[in-house]
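[1] sequence first, then the predicted structure:
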Amino acid sequence: MNELSDKVAIITGGGYGIGKQIALKYGAAGAKIVIAARSIEPMKQTCAELERIGARAIYLSTDVSKEADCAKMAGETVKAFGRIDILVNNAGISGPTKRITEMSLAEWQETLDIDLTGTWLATRAVLPVMDKQGSGNIINISSGAGRRGFPMRSPYAAAKWAMIGLTQTVAGEWGQRGIRCNCICPGAIEGERIERVMRARAEALKRPYEQIRSQFVAQAAMNRMATEEEVARVALFLALDLSAGVTGQTMNVDCGSIMN
């Protein structure tokens, strides 16, 4: 595959999980990859895997909730590769699993700062570069919690709902400038992160872990969780010219948990 051979892609939170799989998909398609995240070692490991498949990759220590870090991310990418074609806003945290009355303002704010404001700051940082090029592609990773309320996860759900509105707004503002913006809503995704989420939920609700897991699986039409690989395939489609007419859209990758 070489469909992205002339493209430069930034993936925030790309050291592990869904972000890592997207980076590997883009790298295999020929893109030059910039991984931007707070944790250094996972980024190093992802870059090493990308280099083993022949992709050019660098990593940048980045806290997307900080304006200066996002500006530096964009500037260092242009310095290294000369352009920015794709931004995947994947960085995020799960936030607390608590009822609203048990949650602190600091916990609420931290989740919104990273999951929502971080997406806005990273997007704002790359838009001038994309505008100058006359082209660009922004892909936001929201969640099934952005489609349906999620009890005991209020800041996470609020941020993920807002990402969908932000996606449509960016698409509307910048479409005439050749810049697309779309959104992916993964459901429960097999892996360490959902395991932590389910165990935290089981503890908070004082229910058996097995009961919580079965509820997550049972709500899917395909009676299973989706995989990081399946989310990455959709992210690849949205990055390719195959989806050139698609902007302002939100796609669920959740094995049929939410059908809208």
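    Nice, thanks for sending it over.

[2] spell out, range by range, the helices that occur in the stretch 1-150 of the chain.
    For the stretch 1-150 of the chain, the helices defined by DSSP state H, counting those that start in this stretch cover 17-28, 40-52, 67-81, 105-112, 118-133.

[3] out of these, the one nearest Ile58 is which?
    Minimum separation from Ile58 across the helices of the stretch 1-150 of the chain (Cβ to Cβ) falls at helix 67-81, 5.7 Å. Quick note: C-beta positions are derived from backbone N, CA and C, even for glycine.

[4] show me the contacts for Ala23.
    For Ala23, the contact set (Cβ atoms under 8 Å, 6 or more residues apart in numbering) comprises 9, 11, 14, 33, 35, 46, 50, 57.

[5] before we move on, the earlier item: now distance to Ala91 and mean pLDDT too, for the helices of the stretch 1-150 of the chain, in CSV please.
    Listed next are the helices of the stretch 1-150 of the chain as CSV, based on distance: least, Cβ to Cβ, whole Å; pLDDT from 0 to 100:
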stretch, distance to Ala91, mean pLDDT
helix 17-28, 7, 97
helix 40-52, 12, 97
helix 67-81, 10, 98
helix 105-112, 12, 98
helix 118-133, 6, 98
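
[6] only C-alpha atoms, please: export the longest strand anywhere in the chain in PDB.
    When the chain is parsed with DSSP state E, its longest strand is strand 179-186. Extracted C-alpha coordinates of strand 179-186, given in PDB (Å, rounded to 0.1, in the frame of the first residue of the first chain):
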ATOM      1  CA  ILE A 179     -10.100  20.800   4.700                       C
ATOM      2  CA  ARG A 180     -12.200  17.900   5.800                       C
ATOM      3  CA  CYS A 181     -13.200  16.900   9.400                       C
ATOM      4  CA  ASN A 182     -14.800  13.700  10.400                       C
ATOM      5  CA  CYS A 183     -15.300  11.800  13.600                       C
ATOM      6  CA  ILE A 184     -15.200   8.100  14.800                       C
ATOM      7  CA  CYS A 185     -17.100   6.800  17.800                       C
ATOM      8  CA  PRO A 186     -15.600   3.600  19.000                       C
END
